[in-house]
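*Asks:* Sequence first, predicted model second:
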Amino acid sequence: MPLTSDPVHYALDEHTFDNGLRLIVNHDPTAPGVAVNLWYQVGSRDEVVGRTGFAHLFEHLMFQGTWTGVATGEHLAAIQSAGGTANATTSFDRTNYFETVHPGALELALWLEAQRMEHLMVDQTNLDTQREVVKEEKRQRYDNVPYGETIAALFELAYPADHPYGHTPIGSMDDLDAAALEDVQAFHQLHYSPGNAILVLAGAVGLAEAVDKVGAQFGAIPATPVPQRSTPAGLPAFAGNPTTQLVRDVPRDATHLVWHIPRFDHPDALAIDLALDVLGSGQSARWHRDLVVRRDLAEGVSGSTMGLVGDANLALVSSRTRDGVSTDELVDAILDHITRLADKGPSAEEMQRVHAQLERSLLTELASLEARADEINQWASLTGDPARINHILTDYAAITPAAIQQAVRTWLAPEARATLTFRKADA
């Protein structure tokens, strides 16, 4: 049965320093270590035309040392030498940096983060080196793999070029080539400041200790003006099924259907998450049972939402056809199931299944300190409310079959889609 009370209650304590840094602590005395999770309020949506790819570039530059004595590559090496792990990711809405360390190495992790916030060494050598690293990453992950163009082509199809989501985080290589050192230094000065960041510590540290240790490392960093971020504007439903077709050397024809939907935490977006789980999550889902098993039209069909902020989010349905099956036939079958869900809604058994899957998935994820800290920071950074982590499962559980039905009718109408298709090149 759907949840009637919150299955988790993570203690969350907060402190904001004079320079604007917001600290959130999830004290877990049973944890063997501490997750350090720092989100900066900067992603590819904050870049300007002609200067794309900077947010992702800094994911690399931030490991290249500081003017104050952290050598190139030493950040990662020091954390690993202390038995910890460290990494970073970039998205449309944020950039995050994170370490997981034993409690004795917490001050080391905080010192390293504070040093690169204030004293990052952005010089011509580091810029040139990391610019080439990004280019190689693009070649390996996007240019030279089957379907590697998918996200770029989808977002080009779904958004105007001047929309904040009109380009992907990897950015334009031409823009990176044209970037002057002064442009990149200015980007760091604008976005990498205490008031533009939220720091989450989860694990074997309490608030008093955290305030003391974070304050010792970050407290003296000067406050600087925080850039004003506008919420990415929503867009009307697609009209006329705008379509992009790419002929490529891919194993199978593939099709991606996309719709404009509300921001990631809107009740309708949560309802669409559940709708797409009913249709596409697991071997009991409608698409798998009918289109993969019974009719043998597809290798697989899945659906998800993109988790974007602002009323400019996307719902995505992806599929690959069996040999000899036309993508048009498969798309018609996919849309027929969406229409049926809009007409009759999910069954009680389907609701029980998707709620159980969601609960198991989220609770498994949150058992990891690193993932929990990141989830807390997601809610804090993108909604302002870190405590949402404690309520999101009951928020999903409150969504009725009728709400799912209405959300599908409102947002996933077949005529409101856009279509990206990969066609297998002739041998």
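*Replies:* Right, received. Where do you want to start?

*Asks:* use CA for all of it now, contacts and neighbours both
*Replies:* Will do.

*Asks:* Now for the closest residue to Val205 other than its chain neighbours: which residues touch it?
*Replies:* Using C-alpha to C-alpha, 6 or more residues apart in numbering and skipping the chain neighbours, the partner closest in space to Val205 is His27 (5.6 Å). Counting by C-alpha atoms under 8 Å, 6 or more residues apart in numbering, His27 touches Ala11, Leu12, Leu201, Ala202, Gly203, Ala204, Val205, Gly206, Leu207.

*Asks:* how many neighbours does the fourth one have?
*Replies:* Taking other C-alpha atoms under 10 Å as the neighbour definition, Ala202 ends up with a count of 31.

*Asks:* Wait, it touches Thr30, no?
*Replies:* No: taking contacts as C-alpha atoms under 8 Å, Ala202 lies outside contact range of Thr30: 11.1 Å.

*Asks:* hmm, back to that, so the residue nearest to Val205 bridges to which residues?
*Replies:* Judged by DSSP bridges, the bridge partners of His27 are Gly203.

*Asks:* and the residue nearest to the spatial centre of the chain, what is it in contact with?
*Replies:* The residue lying closest to the centre of the chain (C-alpha atoms, centre = their mean) is Ser91, at 5.5 Å. Residues near Ser91 by C-alpha under 8 Å, 6+ apart: Gly43, Ser44, His56, Pro169.

*Asks:* and the gap between it and Phe264?
*Replies:* 14 Å (C-alpha to C-alpha, to the nearest Å).

*Asks:* now swap in Asp385 and tell me
*Replies:* From Asp385 across to Phe264, the span is 14 Å (C-alpha to C-alpha).

*Asks:* ok, now Asn19?
*Replies:* For Asn19 relative to Phe264 (C-alpha to C-alpha), the value is 30 Å.

*Asks:* who's more crowded, those two?
*Replies:* Per other C-alpha under 10 Å, whichever of Asn19 and Phe264 has more neighbours is Phe264, with 24 against 17.

*Asks:* which SS class is that one?
*Replies:* Per DSSP: H, G, I helix; E, B strand; the rest coil, the local secondary structure of Phe264 is coil.

*Asks:* Pretty sure it sits against Val309.
*Replies:* Yes: if you go by C-alpha under 8 Å, Phe264 and Val309 touch, sitting 6.0 Å apart.

*Asks:* which stretch of helix or strand covers Ser361?
*Replies:* Using DSSP states H and E, Ser361 falls within helix 348-366.

*Asks:* packing partners for that helix?
*Replies:* Where contact means 3 or more C-alpha pairs under 8 Å, 6 or more residues apart in numbering; DSSP states H and E, helix 348-366 is packed against helix 267-280, helix 369-383, helix 392-397.
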